[in-house]
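K.L.:
what follows is a predicted structure for the sequence shown.
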Amino acid sequence: MKSKKGIIKELSTGPKDLRTFFASQGYNNIKKRMGLSLVILIIALIAFSSYFFIFYVKPVSNSQEFIDAIGDCKKVSWIREDVQASWLYTIIGNGKGDACNVKVQLLNMKTGIIDNEKLQGEKMTCRVLKDEIKLPEKDLSRCTGSLKEKLQEIIIQKMHSYLLDNLGNVNQTFFEV
């Protein structure tokens with residue numbers, strides 16, 4: 001075993017001996033390794049920052065913050081809880097004209113018939129005017145997606161059942177006139 005003086009003497013004998021020492025320790029490709037590390041670090045920083053600038057959606061806690069965000073088409077999300085259901089609204093960006101595109105997802109049905117449970121987890125994208133204050137699902141004509149289609153199916157089935165149940169009353173009223 002060498003003493004400290006022997007190691008220092010060995011390192012200080014000259015540049016050639018120093019190069020061989022570092023080469024024996026695996027430092028002969030230090031520039032390549034540092035360059036590769038720098039490239040990996042830059043790629044990681046770009047990926048991390050792009051997540052926040054492109055994909056990150058800020059959650060808001062109340063309807064007023066959500067309505068304010070629609071005015072600017074800021075990327076935010078809001079969970080609305082009411083007596084019948086839980087809804088997730090996510091502003092995904094600008095739409096055509098003076099509108100924002102809002103993704104609407106039905107998270108949970110709290111009340112209603114069993115058929116309505118099929119709607120849970122379904123999504124639709126709605127076009128909401130920036131100066132509008134009503135909820136996106138209130139005007140299905142501006143929406144597209146599987147949730148809209150299934151909501152329309154349920155509405156049609158309910159109307160059909162209502163007509164069949166009240167066909168006698170409608171017939172009687174028609175003939176009285």
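P.N.:
In hand now; what should we look at?

K.L.:
can we go C-alpha only for contacts and neighbour counts from here?
P.N.:
Noted.

K.L.:
report the buried residues of stretch 144-158.
P.N.:
Across stretch 144-158, burial judged by 16 or more other CA atoms under 10 Å covers Leu147, Lys148, Glu149, Lys150, Leu151.

K.L.:
please state the offset of that stretch from the chain centre?
P.N.:
Its chain's C-alpha centre and that of stretch 144-158 lie 24 Å apart, by CA atoms, centre = their mean, to the nearest Å.

K.L.:
over to stretch 119-138?
P.N.:
Worked out by CA atoms, centre = their mean, stretch 119-138 lies 15 Å from the chain centre.

K.L.:
likewise for stretch 40-52?
P.N.:
Here the centre of stretch 40-52 is set off from its chain's centre by 19 Å, with CA atoms, centre = their mean.

K.L.:
tell me the SS of the closest residue to Asn62 other than its chain neighbours?
P.N.:
Of all residues not flanking Asn62 in the chain, Trp78 sits nearest, at 7.2 Å (CA to CA, 6 or more residues apart in numbering). With DSSP: H, G, I helix; E, B strand; the rest coil as the basis, Trp78 sits in strand.

K.L.:
am I right that Trp78 is in contact with Leu88?
P.N.:
Yes. Counting by CA atoms under 8 Å, Trp78 does reach Leu88; the two are 5.8 Å apart.

K.L.:
so what sits opposite Pro86 in the bridge?
P.N.:
Careful, residue 86 is Ser; it's not Pro. Glu81, Asn108 (DSSP bridges).

K.L.:
please tell me how far it sits from Ile79.
P.N.:
From Ser86 over to Ile79 the distance is 7 Å, taken as CA to CA, to the nearest Å.

K.L.:
what's near enough to touch the spatially most central residue of the chain?
P.N.:
Centroid-nearest residue in the chain, with CA atoms, centre = their mean: Val57, separated by 6.2 Å. Neighbour list for Val57: Lys75, Val76, Ser77, Thr90 [criterion: CA atoms under 8 Å, 6 or more residues apart in numbering].

K.L.:
show me the contacts for the third one.
P.N.:
Applying CA under 8 Å, 6+ apart, we find Ser77 in contact with Val57, Lys58, Pro59, Val60, Phe66, Leu88, Tyr89, Thr90, Ile91.

K.L.:
do that again at 7 Å, thanks
P.N.:
Neighbour list for Ser77: Val57, Lys58, Pro59, Val60, Tyr89, Thr90, Ile91 [criterion: CA atoms under 7 Å, 6 or more residues apart in numbering].

K.L.:
excluding chain neighbours, what is closest to the second one?
P.N.:
It refers to Lys58. Nearest residue to Lys58 in three dimensions, chain neighbours excluded: Val76, at 4.6 Å (CA to CA, 6+ apart).
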